[in-house]
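>>> here you go, sequence then predicted model.
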2 protein chains.
Amino acid sequence: MQAKYNELLTILGKVDDIGRAAGLLGWDQQTYMPPGGVASRASQMATLESMAHELFTAGRVGELLDEVAPWAEAQGYDSLPASAIRVTRREYERYRKLPNKLVAAKAEAVGLAFDAWQKAKHASDFSIFQPRLERLVELSVEEAEALGYQEERYDALVDRFEPGMRTKRLVEIFDRLEKELVPLVRAAGRSAGDDALRGLSFPAQAQQDFARELLIAMGFSFERGRMDVAEHPFTSGFSPSDVRITNHPYEHAMLSNVFSTIHEGGHALYEQGVPTAFDRMPVSGSASMGMHESQSRLWENIIGRSLLFWRHFYPKLQAHFPVQLGTVPLEAFYKTVNRVKPSLIRVEADELTYNLHIILRFNLERELLNGTVRVADLPAIWNERMRAGLGVTPAHDAEGVLQDVHWSDGIFGYFPTYSLGNIYSGQIYNRMREDLPDLEGAVGRGELLGVKAWLNEHVHVHGGKYEPEDLIKKITGEGLTVEPYLEYLKGKYGK
Amino acid sequence: MQAKYNELLTILGKVDDIGRAAGLLGWDQQTYMPPGGVASRASQMATLESMAHELFTAGRVGELLDEVAPWAEAQGYDSLPASAIRVTRREYERYRKLPNKLVAAKAEAVGLAFDAWQKAKHASDFSIFQPRLERLVELSVEEAEALGYQEERYDALVDRFEPGMRTKRLVEIFDRLEKELVPLVRAAGRSAGDDALRGLSFPAQAQQDFARELLIAMGFSFERGRMDVAEHPFTSGFSPSDVRITNHPYEHAMLSNVFSTIHEGGHALYEQGVPTAFDRMPVSGSASMGMHESQSRLWENIIGRSLLFWRHFYPKLQAHFPVQLGTVPLEAFYKTVNRVKPSLIRVEADELTYNLHIILRFNLERELLNGTVRVADLPAIWNERMRAGLGVTPAHDAEGVLQDVHWSDGIFGYFPTYSLGNIYSGQIYNRMREDLPDLEGAVGRGELLGVKAWLNEHVHVHGGKYEPEDLIKKITGEGLTVEPYLEYLKGKYGK
């Protein structure tokens, strides 16, 4: 049986190799690829995606899964073989439903859409992106139909990023969140002070030097990773030993780069923390995108926006920018970092309004998929809802509907995982605090490796072995619940 | 028949996509990959290489070639379909002979060997590289045996890089070259002046600024290409619209970076100059590595080391390094650039001794393949032959047997193409001079785009349609002949 298991692992290893190679092509496209590379890159990505899909779904994987399952399961639910079989079967059944042509068509459409989105954003001209987005919505509808669903088309797409999650539950969670957030935003907004960094300019190189220091303090390994510049920050792992983050040091948006870096650093620690024994198997990923996001958000917000954190790191930041920050006291800086003020750009939003940005996207995605909103109408609807919900209106599409990369990547159903990540992060942090009595003292001394070690041991070590609901129970003893996150927000902003 | 031809092109396109993706993985390994990525990268490369090989040799390509050939040939030998069929068949027949396991094993061995070579070179410790090199020699012997040959094992490997070339002919050519070069080297060595740049230090950033200017003057498109830093300079194309060169600006070896840049720029112009109509077909490459090398050498040496070239560019170089070069006159600089002095490092060698470095490697490769030299004995034999042939002895292996990346890439049979490139470049330059009466005037004014245009029109436009012997005839009216190159050398150094 070991031989059959090994045969299965050989196939899965190749599928993983091809997927990781495609990942590198994507990373390169967003970091170093010259403009001329677009068309050939799209076709290369399409070929790799379709070969991985073909190899994975060719049938032999299914036979081997059936044959090996009893042997693997006998080793216990938590064992690597049983988990590998369980997760592989879930993915196998999902991918078998997708026609190879659709997979290749989507990969190619994504390659072309990314370039169009970049151009559209630079020109702030939605019409450049519109036909590409229409194509991606069309393909995503096909995808959802091929995957199947019980209640709503959107379920099929969400499940890819958050196994086990349903739209209905998201609606409940987001309704609760929104109800609690709106008064909090209003109250916190009233007491929001000035932006202490307004008008200051921060040279890119010093921003990146500080970013590097932060990553090292968090325990990110540069032996097993990199930091590069991209239009939109993201993290890609080509194995647990080659995990790369990107950020973007705009001179007038230093804070955005700081928090992007911490955010991506949180993702990267997850990827670097998955045991190498899981290499080249479907369990080598994460439990879900929401769980991935819990890591980035815990670092970015709960730790990275805390006063304790900046007690230690603010003098270091000042040392990089003595002229700009020399006369800005810690308290003013801290208030700026946590200033609640409805604004246009999701990635620059404060912790509270951030979730409202997500809810807006969640609703639009459902409507796009259900056909109740047309792509052509997106800019107008976006602007109207921003005005109605947040009280701000984009002056142009680059700061409105074109701001995010995600739709150009064809990943509808992904946005909700950002807020799920926030919610998980509240639960996880609560538990971590119980386990680490000196947690706050350590953060105040800039000693973050204990946080990393705890996350390694309780979250990362499981890789993608469990569905997120199981994993959060394993970590905290409780399923997904929004209370700890709300308590955290009320504790911080409700005073 | 058009439908069958299209089916063939679809398969070839996928094979090309996978090959180009593997190329990007290789580029990344040499430019940006963190150290931790080595093992997974090796396995990813192996998977891609073996999938491309499997897809190409699965049998359907052979059927389609047979079916489409008469239709394609009816369009004339020079037509794209006829050429595509001809070149594809040649490659198909070659790759069919290689077992898929061997292809994958070699790709994986190469991935691991590159890292070992880098470490060995840094530590100047051959023993780190030795087992990896032994494995690659072993696999290359297997490869040669699988490919087959008439006279000598080495033939099978050379043919991959220089279709139609045989070891026997190389021996004749190299004997002739060596016989002419040795007295030239001796004479030129006696009149070699001092190194006018000795002891000077050149900041890396200014070196790269000048390198960029040179590439732009040559007509390299940064819209369709990049320049990055790697241990060993190389050029990779992921399509004619995404061609990347690498160089390495060591502060104490500015000239080396200048000439590497021009050299790689010559390669890159070839890749950027192949018609996009050839995209994703085997004809989208070059005629041969020797022909590729003719482009880099023509630019690097015949043009880039000429007095006319530096009349225009030396003041520009001085402007980047006013302190270092302000008091060095053009004549002294020119003499330094063309200083003949047997030395240890091939890539820093003068034009004359360069070929002797190649001949040394050519002989060693044949002996390794024939089993008359063992890998373990390479360092000692290398040092002895350097002493005997060039009169210099490496102090350690980093400046001896470990200096070149090629063997870590498993490409035995490649080195001879450097000297073939020199020889072709003499023939091509002669012909270009006839066509462009003001060639030297233009070079002296720094107007290099005419050179690029001529090469585009007479060399690059053919991509990989022809075997090198056919192509050099098409360009110059004559087959491969060493005379023009020897005349050029004698004209320059024999006075």
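Thanks, I have the structure now. Residues are numbered from 1 along each chain as shown, chains lettered A, B, ... in the order given.

>>> residue numbers of chain A in contact with chain B?
A:13-14, A:17-18, A:20-22, A:24-25, A:28, A:32-37, A:39-41, A:43-44, A:46-48, A:51, A:221-226, A:228, A:238-239, A:241-242, A:244, A:279-280 (Cβ under 8 Å from any Cβ of the partner chain). Placement of C-beta: from N, CA and C, glycine included.

>>> go through stretch A:150-160 and flag the buried ones.
Under the neighbour-count criterion of 16 or more other Cβ atoms under 10 Å in any protein chain shown, stretch A:150-160 has A:152, A:153, A:154, A:155, A:156, A:157, A:158, A:159, A:160 buried.

>>> so who does the residue nearest to the spatial centre of chain A touch?
Taking Cα atoms, centre = their mean, the centroid of chain A lies closest to residue A:293, which sits 4.9 Å from it. Listed by Cβ atoms under 8 Å, 6 or more residues apart in numbering or on different chains, the contact set of residue A:293 reads A:267, A:417, A:418, A:420, A:421, A:422, A:424, A:425.

>>> please apply the same query to residue A:102.
Counting by Cβ under 8 Å, 6+ apart, the residues that residue A:102 touches are A:139, A:142, A:143, A:146.

>>> likewise residue A:300?
Neighbours of residue A:300 in contact, by Cβ under 8 Å, 6+ apart: A:259, A:262, A:263, A:266.

>>> that one belongs to a helix?
Yes. Using DSSP: H, G, I helix; E, B strand; the rest coil, the assignment for residue A:300 is a helix.

>>> where does it land on pLDDT?
On pLDDT, residue A:300 comes in at 97.

>>> the residue nearest to it when sequence neighbours are not counted: which element?
Distances taken as Cβ to Cβ, 6 or more residues apart in numbering or on different chains put residue A:263 closest to residue A:300, at 4.0 Å, once the chain neighbours are dropped. Assigned by DSSP states H and E, residue A:263 belongs to helix A:254-273.

>>> cool, and residue A:379?
Residue-wise, residue A:379 maps onto helix A:378-390 under DSSP H and E.

>>> what residues sit buried inside whichever helix or strand comes after that helix?
For helix A:378-390, the following helix or strand on the C-terminal side (DSSP H and E) is helix A:416-435. Applying a neighbour-count criterion of 16+ other Cβ under 10 Å, one finds A:416-432 buried in helix A:416-435.

>>> show me what the next helix or strand after helix A:416-435 is packed against.
Using DSSP H and E, the next helix or strand after helix A:416-435 towards the C-terminus is helix A:439-444. In terms of contacts (3 or more Cβ pairs under 8 Å, 6 or more residues apart in numbering or on different chains; DSSP states H and E), helix A:439-444 is packed against helix A:307-320, helix A:416-435, helix A:449-458.

>>> export the longest one as PDB, just CAs?
The reference is to helix A:416-435. Provided in PDB are the C-alpha atoms of helix A:416-435 (Å, rounded to 0.1, in the frame of the first residue of the first chain):
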ATOM      1  CA  PRO A 416     -15.000  37.900   2.400                       C
ATOM      2  CA  THR A 417     -12.000  35.900   3.700                       C
ATOM      3  CA  TYR A 418     -10.400  39.200   4.700                       C
ATOM      4  CA  SER A 419     -13.100  39.900   7.200                       C
ATOM      5  CA  LEU A 420     -13.200  36.200   8.200                       C
ATOM      6  CA  GLY A 421      -9.500  36.600   8.900                       C
ATOM      7  CA  ASN A 422     -10.200  39.600  11.200                       C
ATOM      8  CA  ILE A 423     -12.700  37.500  13.100                       C
ATOM      9  CA  TYR A 424     -10.400  34.500  13.400                       C
ATOM     10  CA  SER A 425      -7.600  36.800  14.400                       C
ATOM     11  CA  GLY A 426      -9.600  37.900  17.400                       C
ATOM     12  CA  GLN A 427     -10.200  34.400  18.500                       C
ATOM     13  CA  ILE A 428      -6.600  33.300  18.000                       C
ATOM     14  CA  TYR A 429      -5.200  36.300  19.800                       C
ATOM     15  CA  ASN A 430      -7.400  35.700  22.800                       C
ATOM     16  CA  ARG A 431      -6.100  32.200  23.000                       C
ATOM     17  CA  MET A 432      -2.500  33.200  22.500                       C
ATOM     18  CA  ARG A 433      -2.900  35.700  25.400                       C
ATOM     19  CA  GLU A 434      -3.900  32.900  27.700                       C
ATOM     20  CA  ASP A 435      -1.000  30.800  26.700                       C
END
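
>>> quick one: that helix to helix A:254-273, angle?
70 degrees (axes from the mean of the first three to the mean of the last three Cα atoms, to 10 degrees).

>>> all the helices of the stretch 151-300 of chain A, residue numbers only.
A:153-161, A:167-191, A:204-218, A:254-273, A:289-297 (DSSP state H, counting those that start in this stretch).

>>> mean pLDDT added to those, as CSV?
Formatted as CSV, those follow (pLDDT from 0 to 100):
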stretch, mean pLDDT
helix A:153-161, 96
helix A:167-191, 93
helix A:204-218, 98
helix A:254-273, 97
helix A:289-297, 98
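
>>> re the thing from before, who wins on neighbours among the contacts of residue A:300?
For those, the largest number of neighbours (other Cβ atoms under 10 Å in any protein chain shown) sits with residue A:266, at 30 neighbours.

>>> isn't it up against residue A:299?
Yes. With contact defined as Cβ atoms under 8 Å, residue A:266 reaches residue A:299; the gap is 3.5 Å.

>>> now for these two: what residues contact both?
residue A:218.

>>> can you list the domains in chain A?
By the record's domain assignment, chain A is partitioned as A:2-125, A:167-493 (automatic domain parsing).

>>> list the contacts of residue A:306.
Counting by Cβ under 8 Å, 6+ apart, the residues that residue A:306 touches are residue A:443.

>>> related to what we said a few turns ago, with just CA atoms, put the helix holding residue A:263 into CSV.
C-alpha atoms of helix A:254-273 as CSV (Å, rounded to 0.1, in the frame of the first residue of the first chain):
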residue,chain,number,x,y,z
MET,A,254,4.8,55.4,4.3
LEU,A,255,2.3,54.0,6.7
SER,A,256,0.7,52.0,4.0
ASN,A,257,4.0,50.4,3.2
VAL,A,258,4.7,49.7,6.9
PHE,A,259,1.3,47.9,7.4
SER,A,260,1.4,46.1,4.0
THR,A,261,4.8,44.8,5.0
ILE,A,262,3.6,43.5,8.4
HIS,A,263,0.5,42.1,6.8
GLU,A,264,2.4,40.2,4.1
GLY,A,265,4.9,39.2,6.7
GLY,A,266,2.1,37.5,8.6
HIS,A,267,1.1,35.6,5.5
ALA,A,268,4.7,34.7,4.8
LEU,A,269,5.3,33.3,8.3
TYR,A,270,2.3,31.0,7.7
GLU,A,271,3.9,29.7,4.4
GLN,A,272,7.4,29.4,5.9
GLY,A,273,5.9,27.6,8.9
